[in-house]
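Enquirer: Give me coordinates for this.
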Amino acid sequence: MPPVSDDEDDDKTRIVSRPPVAPSAQDIAEDAERTQFEAHPSANTPDPNNAPPPSASGLPAADVPPLDPPVGVAPVKPQSTALGIGTTINNNYRIDQVLKSGGMGAVYRGVEIGTGDPVAIKAILPELAEDEKAGLMFKREARTLRQLAHEAIVRYYNYVHDRDLDQYFLVMEFIEGIPLSDHIKEHGALPVPAVLTLLKRLSGGLAKAHEQGVTHRDLSPDNVMLPGGDVSQARLIDFGIAKSTVVTEGTTHGQFAGKYKYVAPEQLGGGEVSSPADIYGLALLTAAAAIGTPLDMGSSIVVAVQSRLTIPDLSAVPMALRPILSHMLEPDETRRPASMELVGRMVDHPELIPPAYREGMGFFPAETTGSGQFTAPPHGLQMPTAGLTQRSIYPSTISPQTVAPSAGASAEPEPSGPSKALGLLVGSFVAISAAVGVGAWQMGMFGEAPPLPESGIDIEAQTAGMPGRRTNTRAGFLAEFDAGRCILLARVPAGRNAGMIEVFSPTGEELAGLPVAYEEKFGARPAILPRQITPDQCAALEFTHALQGRGREAPRIEMTRDEMISGQAMTVRIGDIGRQAVWAALITPSGALFNLTERLSDPVGGQRSLNFGLNLAKGSEAVPQLVLIVASDSPLARTATAGDGIPAAELLALVLEEVSNRKGAASASLGYVRLLPPEG
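Expert: From the prediction side, this is the model:
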């Protein structure tokens, strides 16, 4: 396939019914921006090795295999070129300018002869009009637009067939402006207020479409026009692959349609595609407008599927936009906003965004400063505000919510005014406030260290039913090394620190004798990687140590970074788990434990991933966060019933007892990251 320009690429819709084949580098580059339209493989999919004749469009037959033709189908006409300037259509419209030509047809600027009003005229190539699917899809766009009337959707005027030209035309409102994609190329990312205006405007238009049973399915900056470059007047165009519950001709059931960069997970997986797919696509469109480039969501179907297993990394997106975009970008469509109408309300009233996104990801509507030292409370409990002030990071038109709803609150609470209490929800994501549980840790750093708290774990008693340690293994050797209480030694199995020995301790010591002893045992001297924790996190170390080196391979975990700035997203890759059940938890500096298991991706080839975010107020000291991963033959009952915010020492002692009763049928690994305050 010859290279195509961006403009040509953006207007193309491919109709493909072959099984997927490995794409070439050129295919990937071309497909990244093109609207894709593919059938999922089925039992009667033609054999790709049985090459069909070349298609009428001039594309290789491997790219566009013919549909099964009805009996007596007429020969396909040679490919037509764009119509000339001055061409009249049904004596009602005249073509004045070719705006775009290629793909399925052409778009012209024209005039209604009777009134002199400008119009946009979209034409489908005659040979594609005779293609059953392409022709019906074009007709279907006309019927879809006819039922939609909203200021954020291009207006439909007419659908005509010119007998002399033997072509079909869709006549629409002519928009004097530029596509959002061109505006971004020329001017860069939109400022946050403009992005919110765009999101509110487009969500309103899509809400109207969804009311009429229409799902756009092809949202991208190319399909948004800005009249006069004005974002507040943005209009959606190109409903060519829209899905309607009312207009059923030319449907695309069982087929992928859209652009890889902007589609929802269910569009790639052959699932039911409806309004939640537009919510996901609108979020990707909005993110692209906010940062001036699309998020990296993959340019092939394999990578695109993988990149949608978790909420994408939004660290490049302005903080004020992250809560709503995170909510809209949930892989599970049932966790996204319930409707596009609700998305628009969330723009005006961000307190409607569930706290797990407003606060739990560390993306607060308001930043906190002050001297208060708090521990993050479980869901629904409010935090005392003595010594706190708030500084909004939302535009002046948006009022941040300052109270987390109670545990039984509705997912769609009514907007409320400012409150005197600052609530923090810590659910599947965890929010860390200004000085979460770091007081004792800082005393240990700058003064005499306090005594270590009791972990609640009796190693000898609670491991009696487990296999003995295998000291001939690296894990067993490190577990038996006499390092003292509240110290965990662990070899890094993968990533940039692979082969190093992590030394978790409240003092950050390096254990000078360890490298020599390790070299004597295994013939290689490792580098030491100190991991300073708080005393309240000791229970996590002792729990992991209790399971270490007993013959079960521990989960292999790889953290994407050793340090993360407040507001960034963290991805944890987990391997070597096979078919085991996995429990994931975060242990805060105060020793509180929060369940992250619901944030795990589905297992793929014995591997899973985990995404979460954390927040720390400006001016705070950096604090350590621990991620505990436990793999077991079957789910652990104790982990399923524990509430968030429970002391780690209390829960982990019970979990260890359960593992011991199962004769040690579990293993654990610990990940570490230092959370830094916001920059600036």
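Enquirer: so what's Pro647 scoring on pLDDT?
Expert: Per-residue pLDDT puts Pro647 at 91.
Enquirer: same thing with Thr252?
Expert: Per the predicted model, pLDDT is 42 at Thr252.
Enquirer: next one: Thr248
Expert: For Thr248, the predicted pLDDT is 37.
Enquirer: isn't Trp583 right up against Thr597?
Expert: Yes. Trp583 is in contact with Thr597 according to Cβ atoms under 8 Å; the separation is 5.5 Å. Yep, even glycine has a C-beta here, placed from its N, CA and C like the rest.
Enquirer: is it fair to say Ala304 lies in a strand?
Expert: No. With DSSP: H, G, I helix; E, B strand; the rest coil as the criterion, Ala304 is located in helix rather than a strand.
Enquirer: Do I have it right that it meets Leu268?
Expert: Yes. Ala304 lies in contact with Leu268 (Cβ under 8 Å); the separation is 5.7 Å.
Enquirer: Near the nearest residue to Leu616 once chain neighbours are set aside, how many other residues are there?
Expert: Nearest residue to Leu616, sequence neighbours excluded (Cβ to Cβ, 6 or more residues apart in numbering): Ser566, at 4.3 Å. Neighbours of Ser566 under the rule other Cβ atoms under 10 Å: 23.
Enquirer: Return the distance of Ala356 relative to Gly86.
Expert: Between Ala356 and Gly86 the distance is 60 Å, computed by Cβ to Cβ, to the nearest Å.
Enquirer: Comparing the two, which shows the higher neighbour count?
Expert: Legend: neighbour count by other Cβ under 10 Å for Ala356 and Gly86, higher for Ala356 (22 against 8).
Enquirer: Which residues are in contact with the spatially closest residue to Ala464 that is not a sequence neighbour?
Expert: Sequence neighbours aside, Ser660 is the residue nearest to Ala464 in space, at 6.6 Å (criterion: Cβ to Cβ, 6+ apart). With contact taken as Cβ atoms under 8 Å, 6 or more residues apart in numbering, Ser660 is in contact with Gln462, Thr463, Ala464, Gly465, Met466.
Enquirer: okay, who's weakest in those by pLDDT?
Expert: On pLDDT alone, Gln462 ranks lowest of those, at 66.
Enquirer: So for the residue nearest to Ile291 when sequence neighbours are not counted, what pLDDT did the model give?
Expert: Spatial nearest neighbour of Ile291, excluding adjacent residues (Cβ to Cβ, 6+ apart): Ala316 at 5.0 Å. You'll see Ala316 listed with a pLDDT of 91.
Enquirer: what about Ala316, neighbour count?
Expert: Ala316, neighbours per other Cβ under 10 Å, totals 14.
Enquirer: any chance you could read off phi and psi for it?
Expert: When read as degrees, to the nearest 10, the backbone of Ala316 gives phi -80, psi -10.
Enquirer: That one contacts Ala288, doesn't it?
Expert: No. The pair Ala316 / Ala288 is not scored as a contact, 10.7 Å apart, by Cβ under 8 Å.
Enquirer: got the residue ranges for the helices in the stretch 251-400 of the chain?
Expert: 265-268, 275-291, 301-307, 322-328, 340-348, 355-358 (DSSP state H, counting those that start in this stretch).
Enquirer: Give me the average confidence score over the second one.
Expert: This predicted structure assigns helix 275-291 an average pLDDT of 95.
Enquirer: Now do that helix against helix 340-348, angle only.
Expert: 30 degrees (axes from the mean of the first three to the mean of the last three Cα atoms, to 10 degrees).
Enquirer: for helix 275-291, packing partners?
Expert: Packing contacts for helix 275-291, counted by 3 or more Cβ pairs under 8 Å, 6 or more residues apart in numbering; DSSP states H and E, involve helix 180-187, helix 192-211, strand 214-215, helix 265-268, helix 322-328, helix 340-348.
Enquirer: and if we set it to 6 Å?
Expert: Applying 3 or more Cβ pairs under 6 Å, 6 or more residues apart in numbering; DSSP states H and E, one finds that helix 275-291 contacts helix 192-211, helix 322-328.
Enquirer: Please identify the most buried of those helices.
Expert: Most buried of the helices and strands packed on helix 275-291, by mean neighbour count (mean count of other Cβ atoms under 10 Å): helix 322-328, with a mean of 25.
Enquirer: mind showing which ranges of the stretch 251-400 of the chain have poor pLDDT?
Expert: 251-259, 269-271, 358-400 (pLDDT under 70).
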